[in-house]
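Peer 1: this one's structure only:
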């Protein structure tokens, strides 16, 4: 995986970030989701690197990046703090302005990055999420069933840490299998890497802190309510999520939620589940390239 990419570790004030870098051209930042690492981009990064300088980091708390303590208010895992890491990483690599593609948690980090650093982002791609506050404002039985892990990990430690830590591989395989609609899309090689990185008490705790930061993330979003994002945004989502009813595309109009927040939004659902870059890599790559290469 990632032939021709180089590994680096970059220190930021909040965490040391592990990343891969490859390709040549305008800078493109890829931000992964839960419970994964930068490896989730292995099917799309090589093609993207033919046109862009691709930077694929592990978010703080994930992969081989640092896993700092969350603190009493979980601020170390706010999307603001995690976005600041990525701004510092890109600056250290010499990139002051760049495109961002984010999936799942990474898309939430990307959303906050554009809000806090609008001059840094040229274009943004959002994969299979709506904003965090949209979820909590629209909870119904279907959505609560699909997002059960949010509410479990929001509980004070060590409840979620104990439950997940005592059956980590079962939990990961069950959760990812539930979200995926294309059999075999998440390869065993990729899963082995996800499991390696997630299967420590520090990693499980950090991921829980990421979710426990949701009230703080919502408070930050509330301050920015009514402020429209001006960079063009492409939204793609899994449109074949019959295995887990309650995902946003079954409860919400995805495009409408983002059009209330940004001036230029387009997108569509793909015939796959949650893991677009692994379940539908060619279609996902084509959509990203067509969007980012527009003048």
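Peer 2: Looks like it came in fine. What you are looking at is a predicted structure, and each value in this text was computed from that prediction instead of being measured.
Peer 1: for residue 18, helix, strand, or coil?
Peer 2: strand (DSSP: H, G, I helix; E, B strand; the rest coil).
Peer 1: again with residue 149
Peer 2: Of the three states, residue 149 takes helix under three-state DSSP.
Peer 1: Which residue is the nearest non-sequential neighbour of it?
Peer 2: Distances taken as CB to CB, 6 or more residues apart in numbering place residue 175 nearest to residue 149, at 6.9 Å, with adjacent residues excluded. C-betas here are computed from N, CA, C, even on glycine.
Peer 1: The one you found sits in which helix or strand?
Peer 2: Taking DSSP states H and E as the definition, one finds residue 175 inside helix 168-179.
Peer 1: Rounded mean pLDDT for that helix, please.
Peer 2: For helix 168-179, the mean per-residue pLDDT is 96.
Peer 1: quick one: the residue nearest to residue 149 and residue 35 touch, right?
Peer 2: Yes: at 7.1 Å, residue 175 counts as touching residue 35 under the criterion of CB atoms under 8 Å.
Peer 1: more crowded one of those two?
Peer 2: Comparing residue 175 with residue 35 by neighbour count (other CB atoms under 10 Å), the higher total belongs to residue 35, at 23 against 17.
Peer 1: Next, count neighbours for residue 228.
Peer 2: Other residues near residue 228 come to 11 when the count uses other CB under 10 Å.
Peer 1: Which pLDDT value belongs to the closest residue to residue 259 other than its chain neighbours?
Peer 2: Spatial nearest neighbour of residue 259, chain neighbours left out: residue 265 (4.8 Å); criterion: CB to CB, 6+ apart. We note a pLDDT of 98 for residue 265 in this prediction.
Peer 1: Also residue 243?
Peer 2: According to the per-residue confidence, residue 243 scores 53 in pLDDT.
Peer 1: ok, now residue 142?
Peer 2: Looking at residue 142, its pLDDT stands at 83.
Peer 1: Find out how far the helix holding residue 175 is from the centre of the chain, if you would.
Peer 2: On the basis of CA atoms, centre = their mean, to the nearest Å, helix 168-179 is displaced by 17 Å from the centre of the chain it belongs to.
Peer 1: Return the set of buried residues in that helix.
Peer 2: Burial within helix 168-179, assessed by neighbour count using 16 or more other CB atoms under 10 Å, is assigned to 168, 171, 172, 175, 176, 179.
Peer 1: With distance to residue 229 added, can I get those in CSV?
Peer 2: Formatted as CSV, the buried residues of helix 168-179 follow (distance: CB to CB, whole Å):
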residue, distance to residue 229
168, 37
171, 34
172, 33
175, 30
176, 30
179, 27
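Peer 1: Which positions in the helix or strand harbouring residue 204 come out as buried?
Peer 2: Using DSSP H and E, residue 204 maps to helix 201-212. Buried positions in helix 201-212, judged by neighbour count with 16+ other CB under 10 Å: 203, 204, 205, 206, 207, 208, 209, 210, 211, 212.
Peer 1: Need the max-distance pair from these.
Peer 2: The widest separation within those, taken as CB to CB, falls between 203 and 212 and amounts to 14.8 Å.
Peer 1: what about the helices in the stretch 1-150 of the chain?
Peer 2: The residue ranges that make up the helices of the stretch 1-150 of the chain, judged by DSSP state H, counting those that start in this stretch, are 45-48, 79-92, 105-116, 132-137, 141-146, 148-153.
Peer 1: Mind telling me which of those helices the model trusts least?
Peer 2: Looking over the helices of the stretch 1-150 of the chain, mean pLDDT reaches its minimum on helix 141-146, with a mean of 85.
Peer 1: Tell me the helices and strands packed up against that helix.
Peer 2: Here helix 141-146 is seen to pack against helix 248-251 when contacts are counted using 3 or more CB pairs under 8 Å, 6 or more residues apart in numbering; DSSP states H and E.
Peer 1: what does the helix it packs on rub up against?
Peer 2: Judged by CB atoms under 8 Å, 6 or more residues apart in numbering, the contacts made with helix 248-251 from elsewhere in the structure are 128-130, 134-135, 138, 140, 142-143, 237-239, 241, 254, 257, 269.
Peer 1: among those residues, which ones are buried?
Peer 2: The neighbour-count test (16+ other CB under 10 Å) applied to the contacts of helix 248-251 identifies 128-130, 134-135, 143, 237-239, 241, 254, 257, 269 as buried.
Peer 1: would you turn those into TSV with distance to residue 14?
Peer 2: Converted to TSV, these look like this (distance: CB to CB, whole Å):
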residue	distance to residue 14
128	26
129	23
130	26
134	26
135	25
143	31
237	30
238	31
239	36
241	34
254	31
257	29
269	35
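Peer 1: Okay then, goodbye and thanks.
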